[in-house]
Structures are given as C-alpha cells and as structure tokens.
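*Asks:* Requesting a structural model of the entry that follows:
(2 chains)
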Amino acid sequence: MIGDVVLQVVMATSGDEAPLWLLAAGPAGAVATYWALYRYYRNTDKSHAYERDTLISAQPVQGDREKLRHISRTRDSDIDGDNSDDHRVRVQRLR
Amino acid sequence: MTQDPTPPRDPRDPPFDGPPLSLEDELAAARAEPAPGPDIETVNESLADGLNRCPKCGSTDVRLRGSTEMLVCLFCRHQWQESRVEEEFGLGVGIDDLEGTVIAGGAEEISSDEDVITMTCSGCGADVVVDTAHAMNARCHWCRHTLNVNQRTPNGAVPDAVLPFRLTHEEAVEKIREFASSRRLFAHPRFKKEFVPENVLGVYLPYLVIDARAETAYVGEGEVQTRRWTEKQGDSSVTYYAADVYRVERSVGFTVDDLTIEGAADRASFGSDTTNNIVNTILPFDTKNAVKWNSSYLVGFTSEKRDLDVSDLEPVLEDQLLSIGRSQVHATLGEFDRGVRWEAEKVDVGGSRWVSMYLPVWLYSYYQENTRMLHYIAVNARTGETMGSIPVSQPRLIAAALTVGTVLEGIAGAILVATA
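*Replies:* A predicted model of the protein is given here:
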C-alpha cells in the first residue's frame, strides 16, 4: 500500500525510471528511527522555553532596512546561514 | 656575596600586618559609616534562629502540609502560612523603573563556604549541628525540639523566599511511574529491574528569580525573492532564483518578570555529559506564590544551597535576554521570505532585580554505571510538569533502527526493480 503510493510519487516526479537515491531510504530511515527513539527516551533536546514561558512585556519593535545588492541568478532557495529561528545561537556581541 | 641574616623576631612584638595607614585613611576609617545593608531586606523578622513555635500552642513540631500549602502544627493541628513576598517586598511592581542591579538580602554575595553551623537549642541549651548544604532543620537529640535556621547565613543557604511543595509524594510517584511506563520497551533492562519510583526525593533547589528591563538590538542581512524560474538542462530542469539583499536592523525594549535561573553550579551546566537539562525543562514555577523564608517549610525535605552569585549569573541573564529579544523581533521578519542571517547583537540591561528562592522538585535519580551517567526524572512540585531521562538499551534501539531501515530498503529496491 505505502509502496504503491511511494512508487506513484516517484514516477510522477522523475520520469520513467526511479532514481538511485531511493537506495538511501534504508540507511536514512534507520538513523532517523534511532534518533527519534533515543530522543524520546533521553530528552536530550529539551529545555525550559523561557522565551515563551516568561512574563514579557515588550514595546513595539523598531526597525530599518537598506538595500545592499541584488542577486540576479542563484540556485540557493534561501539565504546562507539563516539563524532567524535559532534564538539561542549567539552571534558577534556589540558592546 | 653575603646577605644580612634576618634578626630573630621578639615573640612579644605584635605581628606585622602591613605598613601603617596614612592620616587620611585613619580618619576615614574612624568616620566609616556602617556597611550598607542589602537593597531589599527580606529577613523574616518574626522568626529567630532556633525554635519555630506554633503561634497557637507553642509546639515546635511544625511542617508543611502539602495538600494545603500551609504550615501545620502536628500537636494541635493549627494551620497558618507566611505572606507572599510578591506583595510583602513589592517584587511585582516597578520593573519599568528598575535602575542598576538591585539584589535582595538572600541573593547577596556568598562570603563563606562553611556549611556546618552549630545552634544552641533554646529548649534545653544543647548544641546541635546543622549541615546547611543539605538541610535547614535538625532535631535536638536531647529534648526533641525541631531547630530551624532562619537567619541569613553567609554561605548562601538561606534564600529570600520559598515556594512550598504542592504535589504530594503519592502524586509524584504516580507521575514518575506514568512517565517511565510509556518508555519501557527500549529502556535499559537494569533500569527496569531497579526502578522504584517510591524512592523519589523532595528537594528544594536554589534559583535566582529576576525581574529585568532591557533594550536589545540586532543587525544582519535579509533576502527578498524577486524572481523564480526553471531552466531545462539536458533531461532535467533546474530552478533558479533572483533576490534583493538588505541590511536588516531591529531593536526592541522589554521587561521580563520572574525569569528563573539555576543558582547551583552543579545544576547550571548543560553539557551532554549531564542530564541537568531535565531539571531545567520543568521550569517555570508559579514564583508569584513564593512566601517569606521560614525553614519549617523544609521539614521532611532536603535542600541544595546556592553557590552562584549574581556576578556569576549576569552573563546568563544577558544571554537569555538576547534570546528573548530575538524571539520578539522574529514576527517582524515576514517580508524577508528567503530568510535572515543575524550577524551582530547587543543588549543593554537598564535594570535588574535579583531574588533568591528555593523551588520544590520531586527528583528521582538513577546512576547508570556503565556510562557513568546520572539520570533524573523530575517533577515540578507545583505544576506537575514531568520530564526525565531514561537509560536506553542500545542493542534494542539498534535492532529497531535496523528493522525499519531494512523494510524501507526493501520497498526502495522493489520500486527500482519495478521501474527498471
């Protein structure tokens, strides 16, 4: 059943022959299973979400933007080193 | 080359204690004002070291009654409670006007590592020793009175406030059993064999609870997609993008109320060789309900003393404020659909107020010998939030991973064969 669905998706996206990268599904699935179970038992990724669970009273955000340059042709679908979601990863500290 | 031998010291001479002070220094010392007290004085004046007596009958057999969060006299059953520090010391107000670092009496610098104190029992006069690193009460071995450490100690063991246990031992055991039973299949066999949730311990852990006013600013680059197209290259097609690159600046001012940070060094490191993140995860507590210090709340529980000062934790506060600021500005970045890369950041802490508290945790610990790892299952004794680390059986985990991998590989192989 699942195999049929996967087959249809693969055929729809890659023409007549299934690509060889499908062979990576086994090792990738094994690693993903290991890490998912390990994290469920050990909870090594958990911590207090103080950004969300603290009483915070913020003033309106001030901001500015200035155009630096234009990228006319790139294969990257997003910016290099996007850290806008990684609130706890520190960058250069201005004093 | 010879040296003059040092003349023998006359034992009647006073010991040398440095050069004499100048006249100005001598006068300044003579005029010295008394040392300034703490910014917020939180000593419970109604208590003295020694005996905490029931206000009704005078008995010292007093302890916390978890179901009511009140102190109960075990002799006459009278119940009472200390007042909330939030109102008593004005901790809930004035965060917008905080200037500099305001430190409550119980969060002041630790000036001694002497944990053992000797108290004289005011019931019978006997000397009783209390190890304040782990307990703030002791039973007088002669007259059976309960002795309590109520006054400030220089070793950081007496906080400004205490948040009483709300969850009972039975409720904590149930929470821990429930947590572990949903993680049985891949648990280490020895852990399963030795799992006794009834051994959970009630511990008051030291925290610093901080109100702060801060301004944070961030600088980086953001990209906005202007065009997306596909080009045919041989048999396949490739997607290309065009984008405008902007310099992005954001700043936000905010106040935080009751940010809670670990006050013990053993609990404050979150490396992969510890499971301290487990205890961190059960935060937050309802710290607004913390009451004035009264060591009777600790009878029957253990405690861990604070060993980190405000100066040690200021970098941690700044780090957390920067993270909070980043999360606050995140919602304004929607226009940069290709993402934002922050490159520099700044925090200016306008004012902060530090209060030390004992917060209640039910802690089940298990030492895994082969990996030398101390695993915790911790229950927030106010909210019931439970988090834990269960030792895993690596052979079982690997077997499960290989099984899933083999099934997926079989499906992939079948697809390749079917389409060849």
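
*Asks:* Give me the contacts around stretch B:178-189.
*Replies:* A:37, A:40-41, B:192, B:195, B:197, B:368, B:377, B:386-388, B:390-393, B:396-397, B:400 (CB atoms under 8 Å, 6 or more residues apart in numbering or on different chains). In short, each C-beta sits where N, CA and C put it, glycine included.

*Asks:* Narrow these to those in helices?
*Replies:* Using DSSP state H, A:37, A:40-41, B:192, B:396-397, B:400 are the members of the contacts of stretch B:178-189 that sit in helices.

*Asks:* So which of the residues you listed is surrounded by the most neighbours?
*Replies:* Neighbour counts for those (other CB atoms under 10 Å in any protein chain shown) peak at residue A:41, which has 23 neighbours.

*Asks:* is it true that that one touches residue B:392?
*Replies:* Yes: at 4.8 Å, residue A:41 counts as touching residue B:392 under the criterion of CB atoms under 8 Å.

*Asks:* any chance of the ones in helices among the contacts of stretch B:178-189 in TSV, with distance to residue B:175 too?
*Replies:* Formatted as TSV, the ones in helices among the contacts of stretch B:178-189 follow (distance: CB to CB, whole Å):
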residue	distance to residue B:175
A:37	22
A:40	17
A:41	17
B:192	18
B:396	25
B:397	25
B:400	27
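
*Asks:* Closest to residue B:222 out of those?
*Replies:* Among the ones in helices among the contacts of stretch B:178-189, residue A:40 lies closest to residue B:222 (CB to CB), at 35.6 Å.

*Asks:* list the contacts for the closest one?
*Replies:* The neighbourhood of residue A:40, defined by CB under 8 Å, 6+ apart, consists of residue B:183.

*Asks:* What separation do you get for it and residue B:179?
*Replies:* 11 Å (CB to CB, to the nearest Å).

*Asks:* go on, residue B:256?
*Replies:* From residue B:256 to residue B:179 the distance is 30 Å (CB to CB).

*Asks:* Looking at the two, which has the bigger crowd around it?
*Replies:* residue B:256 (23 against 18).

*Asks:* surely that one meets residue A:53?
*Replies:* No: contact between residue B:256 and residue A:53 fails when scored by CB under 8 Å: they sit 11.0 Å apart.

*Asks:* Which strand or helix spans the closest residue to residue B:358 other than its chain neighbours?
*Replies:* Nearest residue to residue B:358 in three dimensions, chain neighbours excluded: residue B:204, at 3.7 Å (CB to CB, 6 or more residues apart in numbering or on different chains). Element membership for residue B:204 (DSSP states H and E) is strand B:201-233.

*Asks:* pretty sure residue B:128 is in contact with residue B:138, am I right?
*Replies:* Yes: using CB under 8 Å, residue B:128 is in contact with residue B:138, at 5.1 Å.

*Asks:* which neighbours do these two share?
*Replies:* B:119, B:147.

*Asks:* Quick one: end-to-end distance for stretch B:68-78.
*Replies:* 12 Å (CA to CA, to the nearest Å).

*Asks:* Let me see the residues that make contact with that stretch.
*Replies:* Residues outside stretch B:68-78 that contact it (CB under 8 Å, 6+ apart) are B:54-57, B:59, B:61-65, B:79-82, B:164-166, B:289, B:294, B:296-297.

*Asks:* for the residue nearest to residue A:46 when sequence neighbours are not counted, what are its contacts?
*Replies:* Leaving out its chain neighbours, the residue that sits closest to residue A:46 by CB to CB, 6+ apart is residue B:281, at 4.4 Å. When contacts are counted by CB under 8 Å, 6+ apart, residue B:281 is found next to A:43, A:46-48, B:378, B:385, B:387.

*Asks:* and which of those residues is nearest to residue A:80?
*Replies:* Nearest to residue A:80 among the contacts of residue B:281, with distances taken as CB to CB, is residue A:47, at 27.0 Å.

*Asks:* so where's chain A shaky on pLDDT?
*Replies:* Within chain A, the ranges that satisfy pLDDT under 70 run A:1-18.

*Asks:* the helices in it, which residues?
*Replies:* Listed in chain order, the helices of chain A (DSSP H) span A:2-14, A:25-42, A:50-53.

*Asks:* Give me the buried subset of the contacts of residue B:281.
*Replies:* The neighbour count (16 or more other CB atoms under 10 Å in any protein chain shown) marks A:43, A:46-48, B:378, B:385, B:387 as buried among these.

*Asks:* and residue B:179, helix, strand or coil?
*Replies:* Under DSSP: H, G, I helix; E, B strand; the rest coil, the three-state class of residue B:179 is helix.

*Asks:* From chain A, how far out is it?
*Replies:* Distance, residue B:179 to chain A, by CB to the nearest CB, to the nearest Å: 10 Å.

*Asks:* ok so, going back, reformat the contacts of residue B:281 as TSV; add distance to residue B:187.
*Replies:* Formatted as TSV, those follow (distance: CB to CB, whole Å):
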residue	distance to residue B:187
A:43	13
A:46	18
A:47	22
A:48	25
B:378	17
B:385	21
B:387	16
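
*Asks:* And the residues you listed, which is closest to residue B:209?
*Replies:* Closest to residue B:209, out of all of these and judged by CB to CB, is residue A:48, at 13.1 Å.

*Asks:* can you pull the contacts of the residue nearest to residue B:358?
*Replies:* Neighbours of residue B:204 in contact, by CB under 8 Å, 6+ apart: B:162, B:298, B:301-304, B:358-361.

*Asks:* Quick one: residues contacting residue B:412.
*Replies:* A:22-23, A:25-26.

*Asks:* Which stretches in the stretch 201-350 of chain B count as strands?
*Replies:* Counting by DSSP state E, counting those that start in this stretch, the stretch 201-350 of chain B has these strands, from start to end: B:201-233, B:236-262, B:291-292, B:302-303, B:340-368.

*Asks:* Mind giving me the packing neighbours of the last one?
*Replies:* Applying 3 or more CB pairs under 8 Å, 6 or more residues apart in numbering or on different chains; DSSP states H and E, one finds that strand B:340-368 contacts strand A:92-93, strand B:100-103, strand B:161-162, helix B:169-181, helix B:189-194, strand B:201-233, helix B:310-329, strand B:373-380.
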